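**Student:** predicted model follows, preceded by the sequence.
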Amino acid sequence: MIDDIARRVVEGGRVNAAEALELYRQAPTHLLGHLADTIRARKHPDGIVSYIIDRNVNYTNVCVAKCNFCAFYRPVGSSEGYVLGFDEIFRKIDETIAVGGNQFLLQGGHNPDLPLAWYEDLFRSVKARYPEFKLHALSPPEVIHISRLSQLPVPAVIDRLVSAGLDSIPGGGAEILVDRVRKLLHCYGKASADEWLDVMRHAHRAGLRTTATMMYGTVETDEERIEHLMRLRDLQDETGGFTAFITWSFQPEHTERGGGEATGVDYLRTLALARIVLDNFDNLQASWVTQGGKVGQLSLAFGANDMGSVMIEENVVRAAGASYCMDEVEIVVNIEDAGFRAKRRNMHYEILGDPIFREREIPRMLTLATARADGDVSVPDELTNYAARSRAGKRIRLSQ
Ligand code: SF4
């Protein structure tokens, strides 16, 4: 049975859910790696492994969703809650451009005191100052949150955000796209599986490209992990709008859920399975941010063709205990030592060129920046332009 499925995968055939389960449960790890690597080599015969220089910025940590796997959020009214000011965000863009970056991955909590106009004003002011800078921003649950707050349908919110400067949507908040799991993780309220997929459908129809993700290793069964992949594959058949898939394991430290973390072997098997099932996705990223640089490098033999982002700033995974850091030099060493050619790319996976540190001197970034300095409790001036909804938000506005 395994041999038959493996032969079909090598010949370019598609696997169904039962076959994917059989592979995941029964195939030796080296066989899964071989199958995934065969597909990777067929899709990327040039031996290029890409990466992007961008910055992972979290504009607020205030969140009403309270997912039980999240160590990042703070409830409304918390003294540790923050919203970044526009000036602070411009400063982060300047630093990103200085190291050769061209994009923000901009995501945050579901803050009830930030209306749609705040996002529009932010995007417009970024584009006015930095017309070439890209905004890969607002995962589907954030779009749904803004839609509920503004009482506008999701397609209208996406249109307004695109008019303001949104370039593409990151695939965060997918976790596992099965509602039984979402209810147990306390993330069904922020977006059901159908709602998450619907945002992506609307985004693709509006001409945006997006990524897709999977966070595994909590309460899902093997079957549910595969159902997640199948749902992504179906939507990709329908729209072709996903540029890439990224998977990582649940990081338990400091979370309400707690528990253990999946192993590196499980990560590599899950990544390889994703490459086999997602035969209509061109790009798979290695999640070295959660798995570390060495497993990240091994990922290139298990189906990944992209090292993701040079990490300049990271807040979410670090809050849950993982704080791996690699700058461009280290990412390139890891790619080249694995036998591949390293190239910079943009969000559309278009190759931009060779490593930038070989073209010009750039500062090395050997520690990760944070969203804001420890102890900084300042409130951005421009927040007074936007009416707050929560009692705590109103109090902060009044005190300014
Ligand atoms: S994962 Fe996102 S939506 Fe869930 S609690 Fe954390 S910040 Fe909020």
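**Tutor:** On my side now, so go ahead.

**Student:** how about the residues of this protein by the ligand?
**Tutor:** 63, 65, 66, 67, 70, 72, 73, 109, 110, 141, 187, 190 (Cβ under 6 Å from any ligand atom). (Each C-beta comes from the backbone N, C-alpha and C, glycine too.)

**Student:** at 8 Å what do you get?
**Tutor:** Proximity of the chain to the ligand (Cβ under 8 Å from any ligand atom) is limited to residues 61, 63-67, 69-70, 72-73, 107-110, 139, 141-142, 145, 172-173, 187, 190, 316.

**Student:** could you pull out the strands for the stretch 301-400 of the chain?
**Tutor:** Ranges of strands in the stretch 301-400 of the chain, per DSSP state E, counting those that start in this stretch, are 306-310, 341-345, 351-353.

**Student:** could you do the stretch 51-200 of the chain as well?
**Tutor:** 103-107, 134-137.

**Student:** tabulate those strands (a markdown table), appending mean neighbour count.
**Tutor:** Below are the strands of the stretch 51-200 of the chain laid out as a markdown table (neighbours: other Cβ atoms under 10 Å):
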| stretch | mean neighbour count |
| --- | --- |
| strand 103-107 | 24 |
| strand 134-137 | 24 |
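
**Student:** returning to that earlier point: can you say which of the residues of the chain next to the ligand are buried?
**Tutor:** With burial judged by 16 or more other Cβ atoms under 10 Å, the buried subset of these is 61, 63, 65, 67, 69-70, 72-73, 107-110, 139, 141-142, 145, 172-173, 187, 190, 316.

**Student:** can you pull the poorly scored residue ranges out of this structure?
**Tutor:** 314-318, 320-323 (pLDDT under 70).

**Student:** scan it for its longest helix.
**Tutor:** Of all segments of type helix in the chain, defined using DSSP state H, the longest is helix 222-239.

**Student:** pick out the residue closest to the middle of the chain.
**Tutor:** Closest to where the C-alpha atoms of the chain average out (Cα atoms, centre = their mean) is residue 172, at 4.7 Å.

**Student:** what's the first helix or strand after the one helix or strand residue 201 maps to?
**Tutor:** Using DSSP states H and E, residue 201 sits within helix 193-205. Downstream of helix 193-205, the first helix or strand assigned by DSSP H and E is strand 210-216.

**Student:** helices or strands next to that following strand in the packing?
**Tutor:** The elements that strand 210-216 packs onto, with contact taken as 3 or more Cβ pairs under 8 Å, 6 or more residues apart in numbering; DSSP states H and E, are helix 193-205, helix 222-239, strand 242-249, helix 264-277.

**Student:** repeat that for 7 Å
**Tutor:** helix 193-205, helix 222-239, strand 242-249 (3 or more Cβ pairs under 7 Å, 6 or more residues apart in numbering; DSSP states H and E).

**Student:** a markdown table for these, including mean neighbour count?
**Tutor:** Converted to a markdown table, the helices and strands packed on strand 210-216 look like this (neighbours: other Cβ under 10 Å):
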| stretch | mean neighbour count |
| --- | --- |
| helix 193-205 | 20 |
| helix 222-239 | 18 |
| strand 242-249 | 24 |
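
**Student:** phi first, then psi, for the residue nearest to the centre of the chain.
**Tutor:** When read as degrees, to the nearest 10, the backbone of residue 172 gives phi -70, psi 170.

**Student:** can you tell me the closest non-neighbouring residue to it?
**Tutor:** residue 139 (3.5 Å; Cβ to Cβ, 6 or more residues apart in numbering).

**Student:** which ones are touching the one you found?
**Tutor:** Residues in contact with residue 139, defined by Cβ atoms under 7 Å, 6 or more residues apart in numbering, are 107, 169, 170, 171, 172, 173.

**Student:** neighbours around the spatially closest residue to residue 282 that is not a sequence neighbour, how many?
**Tutor:** Counting by Cβ to Cβ, 6+ apart, the nearest residue to residue 282 once its immediate chain neighbours are dropped is residue 43, at 5.8 Å. Neighbour count for residue 43, taken as other Cβ atoms under 10 Å: 15.

**Student:** wait, isn't residue 43 in contact with residue 281?
**Tutor:** No - under the criterion of Cβ atoms under 7 Å, residue 43 is not in contact with residue 281, lying 8.9 Å apart.

**Student:** how near is residue 358 to the ligand?
**Tutor:** 37 Å (Cβ to the nearest ligand atom, to the nearest Å).

**Student:** how about residue 379?
**Tutor:** With Cβ to the nearest ligand atom as the criterion, residue 379 and the ligand are 20 Å apart.

**Student:** same question, residue 304
**Tutor:** 24 Å.

**Student:** quick one, what contacts the residue nearest to that residue when sequence neighbours are not counted?
**Tutor:** In space, and not counting its chain neighbours, residue 304 is closest to residue 286: 4.0 Å by Cβ to Cβ, 6+ apart. Shown in contact with residue 286 (Cβ under 7 Å, 6+ apart): 296, 299, 300, 304, 306, 307, 308.

**Student:** which of the strands of the stretch 301-400 of the chain is buried the deepest?
**Tutor:** With neighbours defined as mean count of other Cβ atoms under 10 Å, these peak in mean count at strand 306-310, which reaches a mean of 25.
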